[in-house]
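Asks: let's see this in three dimensions:
(one chain, ligands or ions: 1)
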Amino acid sequence: MPPIPAWMQRKRVTIPISVILLSMVAQVLSQAKEQSLLMQGSAAAKSDGTLPPQPVCPTPANPDPLLGARTRKPGRWVGTTPMAKNSPIVVMAGHADSQGMDSAGTPGFAVGMKRQAPMDARMRDELYWNLKVQAAVVRLGKARALKISAYNPPALTIRNNNHPKTNWSQARVRSAKGDYILEIHFDAYSPYGFGSGLIPALNRPLNTIDESLGKAFGRFPRLFRGGLGGPRRGIGILEIGMLEPPLEQKLRNPNTQRQTIDCLALRVVDALEKGVNQSPDEGGNGPQGSDPQTNSADG
Ligand SMILES: [Zn+2]
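Replies: Coordinates of the predicted model:
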C-alpha cells in the first residue's frame, strides 16, 4: 500500500482532533473559572501587589466556620514581650519524627471512627495535614516578607528524643537563640480533643506573637497537661482545630482541599504578621478587635 498523503492523514484524524479541541476548550474554560475565583479573592486581599492570589476565606468568628470550636479549656495568659519584625520564625509539623510511636498524633475522625483509609499509609492523618499547613504557612509568610522557614526532621521515626535532628532538639537550640518556634497540630476529634488554640512555650516570657496567635486561635492554659515536652523546649503548639467534620471533610474533599489549607495558613500568617514588631496595645488586635485583658478570659 502506498503511503497516505499528508492531507489525507489530517482528514482521517479530523474527528479525534475535534474531540481533543473540545476537551481543550473545556479545560481552558475551567481554568478561567478557577482564575476568576482566585481573582475575586485577590481583590479581597491586601493590595500591596506582592501577595499571591488568595482564595476567599471564611470570616473569623467564635465558634469559627473554618476552625470549629476554640479550646473548651481556656487559659488566661497575656503575651507582652515585643518581637522584632525580623525575628526568625521556624515552622514545624507536629509529630514529624514520631510516627509508629505513642506520640504519633491523632488519626482523625475519618480514620479513627469511620474506618476510612489514611491519607498516607506511612503516617497518621494529623501529620499529613500538619505538613500541608506547614508548607502553606511558610510559602504565604515569605510572600508577606516574614523571616520564616520550615524545619523538617530527616526521618518519620526518631526514637531518641535527644537526637540532634528531632523537632524537640532543634527547638531547644533555636529557641535559645531567640527564634520563634511554631509547631502546627490538629487536635483529636470529639470527645477527646479540646478545640483550637495556642499552647505557648514555657522556656521564655510570653511575647507578642504568642498574644496574636492566642487572639486568632484561642489560648490553652500555659501549663496544659502539666506542661508538655514541646513547650518546655521552646515550642509554641498551635492546635489548628479538631480533626473532625466539617473541617476534616473540607480537607479530604479534593475540590475544597487546597482552598481550605490556604485559608488555614492565611489565619496563621495574618496572626504572625500582627504579632511581630508590635506591643499588644498597639493594633495587635485579632479579628474580634478586643483588648487582650478581656479576650484572655474567654481563651
Ligand atoms: Zn498533635
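Asks: which element is Asp210 on?
Replies: helix 208-217 (DSSP states H and E).
Asks: tell me the mean pLDDT for that helix?
Replies: Averaged over helix 208-217, pLDDT sits at 98.
Asks: state the distance from Ser212 to Thr80.
Replies: Counting by Cβ to Cβ, to the nearest Å, the gap from Ser212 to Thr80 is 12 Å. No exception for glycine: its C-beta is placed from N, CA and C like everyone else's.
Asks: so which of these two has more stuff around it?
Replies: Ser212 (26 against 16; other Cβ atoms under 10 Å).
Asks: any idea how far the more buried one lies from the ion?
Replies: 21 Å (Cβ to the ion, to the nearest Å).
Asks: show me what the helix or strand that the helix holding Asp210 is followed by is packed up against.
Replies: Counting by DSSP H and E, the element after helix 208-217 in chain order, helix or strand, is helix 229-232. The contact analysis (3 or more Cβ pairs under 8 Å, 6 or more residues apart in numbering; DSSP states H and E) places helix 229-232 against helix 167-176.
Asks: mind listing what's buried in the helix it packs on?
Replies: By neighbour count with 16 or more other Cβ atoms under 10 Å, helix 167-176 contains the buried residues Asn167, Trp168, Ser169, Gln170, Ala171, Arg172, Arg174, Ser175.
Asks: run the chain-centre distance for the helix or strand following it.
Replies: Downstream of helix 167-176, the next assigned helix or strand under DSSP H and E is strand 180-187. Strand 180-187 sits 8 Å away from the centroid of its parent chain (Cα atoms, centre = their mean, to the nearest Å).
Asks: near the ion, which residues of this protein?
Replies: Gly94, Gly105, His185 (Cβ under 5 Å from the ion).
Asks: was I right about the last one contacting Val91?
Replies: No: His185 is beyond contact range of Val91, at 11.8 Å (criterion: Cβ atoms under 8 Å).
Asks: can you add pLDDT and give the buried residues of helix 167-176 back as CSV?
Replies: Compiled in CSV, these are given as follows (pLDDT from 0 to 100):
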residue, pLDDT
Asn167, 98
Trp168, 97
Ser169, 98
Gln170, 98
Ala171, 98
Arg172, 97
Arg174, 98
Ser175, 97
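Asks: any chance of a markdown table for those, columns distance to Ser190?
Replies: Formatted as a markdown table, the buried residues of helix 167-176 follow (distance: Cβ to Cβ, whole Å):
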| residue | distance to Ser190 |
| --- | --- |
| Asn167 | 27 |
| Trp168 | 28 |
| Ser169 | 33 |
| Gln170 | 32 |
| Ala171 | 29 |
| Arg172 | 33 |
| Arg174 | 34 |
| Ser175 | 32 |
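Asks: tell me how far Gly94 lies from Gly105.
Replies: 6 Å.
Asks: shared neighbours, the two?
Replies: Residues touching both Gly94 and Gly105 by Cβ atoms under 8 Å, 6 or more residues apart in numbering: Glu126, Leu127, Asn130, His185.
Asks: and the residue of the stretch 1-150 of the chain closest to the ion?
Replies: The ion sits closest to Gly94 of the stretch 1-150 of the chain, with a gap of 4.0 Å, by Cβ to the ion.
Asks: list the residues that contact the closest residue in space to that residue that isn't next to it in sequence.
Replies: Sequence neighbours aside, His185 is the residue nearest to Gly94 in space, at 3.8 Å (criterion: Cβ to Cβ, 6 or more residues apart in numbering). The contact partners of His185, taken as Cβ under 8 Å, 6+ apart, are Gly94, His95, Gly105, Glu126, Asn130, Ile237, Leu238, Glu239, Ile240.
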